[in-house]
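Engineer: just the structure for this:
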Amino acid sequence: MVCLRTIKLLRDDFPETKKYPFGLPSLKAMEEIELEAPVTFFVGENGSGKSTLLEAIAYQCGFHTAGGSRNNVYDVDKSEASLGDYVRLSWMPKLTNGFFLRAESFYQFASHIDETERINPTRYRNYGGRSLHEQSHGESFLALFANRFSGKGIYLLDEPEAALSPMRQLAFLYVMQDLVAEGAQFLIATHSPILMGFPGATILNFDASPLVQVRYEETEHYQITRRFLENPAKFLAE
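Structural biologist: Now for the predicted structure:
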C-alpha cells in the first residue's frame, strides 16, 4: 500500500546560494517524485543528496530528524533538516505513524530511550525488552525493526545496513516483507545490494540529473559486487 504518493521539491523557493545541499545536481533538476511501490530505495554515491532528501521528508512527517517518531523529543547537535522547508508531501490517506532511522545518530536515540525508560518504565516494550545499549549494534537495529515497527506506517531509513551483517540484512528483508503485507511503506537510502534486491521495489538513482528509476541489475552496487565476487583477484588487478 502506498500512502505517501508524491514528494515535491520547491526549487523556486531555494535560497540564492550554491552551498550544500542547494547546489546538488540531483536537486537542480528535481521537481516531483511519484511513489508507486511500497518500498522505494534512494541510491547513489556519498554526497549525492539521498540522505538529505530523506531527512527533509522526515522533517515534513514530523519525525525527529536525528532519529525517532513524532513522540521522540531530545537534543542532538546538527540534526536540523536543511532541505526540510523546501519539500511538500502529498498523501492518500495521510499517515502519522512511522519512524525515521538515522544510523549515524542511533547512539543518541538509544540514550534518549534509556532516559525515557527511567522516567516512565515500560521494560523496553518496543525495543526487545532491554536497553538498546545492552545489545550489539546489529541486535539493536533488528530489535527496533521487529518490535517498534508495526502495521500501517511510513518508515524512513538512512543506511540501515550500517550495523547489519549480510545474514541480518536478509533477516531485515523478512521483517520488511511482513510489514509491507500489513500496509507499511518504506523509503530507504542505502548502499547495500542485498537490501535493494527487495522484490518489486522502486530504485531511484541520485547520481543522475534528473533522477532516474533503474532496474536492480543496472545499479552500480549490483554490477560492482557481482564483478568482484566472480573474480576478486582479476577485479583488483584491473
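Engineer: count the neighbours of the residue nearest to Tyr222 when sequence neighbours are not counted for me.
Structural biologist: Nearest residue to Tyr222 in three dimensions, chain neighbours excluded: Pro193, at 5.0 Å (Cβ to Cβ, 6 or more residues apart in numbering). Quick note: C-beta positions are derived from backbone N, CA and C, even for glycine. Using other Cβ atoms under 10 Å, Pro193 is surrounded by 19 other residues.
Engineer: check the secondary structure at Pro193 for me.
Structural biologist: coil (DSSP: H, G, I helix; E, B strand; the rest coil).
Engineer: which residues touch it?
Structural biologist: Thr219, His221, Tyr222, Thr225 (Cβ atoms under 8 Å, 6 or more residues apart in numbering).
Engineer: list only those of those residues flagged as buried.
Structural biologist: Neighbour-count burial (16 or more other Cβ atoms under 10 Å) applied to these gives Thr219, His221, Tyr222.
Engineer: go ahead and confirm the last one touches Asn205.
Structural biologist: Right, Tyr222. No - checked against Cβ atoms under 8 Å, the pair Tyr222 and Asn205 is beyond contact range at 11.8 Å.
Engineer: residues of whichever strand or helix holds Gly138 that come out buried?
Structural biologist: Using DSSP states H and E, the element containing Gly138 is helix 137-143. For helix 137-143, the neighbour count (16+ other Cβ under 10 Å) marks Gly138, Glu139, Ser140, Phe141, Leu142, Ala143 as buried.
Engineer: quick revisit: Ile113: which of the buried ones among the contacts of Pro193 is nearest?
Structural biologist: Within these, distances to Ile113 taken as Cβ to Cβ reach their minimum at His221, with 31.7 Å.
Engineer: element containing the closest one, please.
Structural biologist: Going by DSSP H and E, His221 is part of helix 220-230.
Engineer: ok, the residue nearest to Tyr222 to Gln169 distance?
Structural biologist: 10 Å (Cβ to Cβ, to the nearest Å).
Engineer: pull the distance from the lowest-mean-pLDDT helix or strand in the chain to the chain's centre.
Structural biologist: Here the helix or strand of the chain ranked lowest by mean pLDDT, DSSP states H and E is helix 25-28, holding a mean of 87. Helix 25-28 sits 19 Å away from the centroid of its parent chain (Cα atoms, centre = their mean, to the nearest Å).
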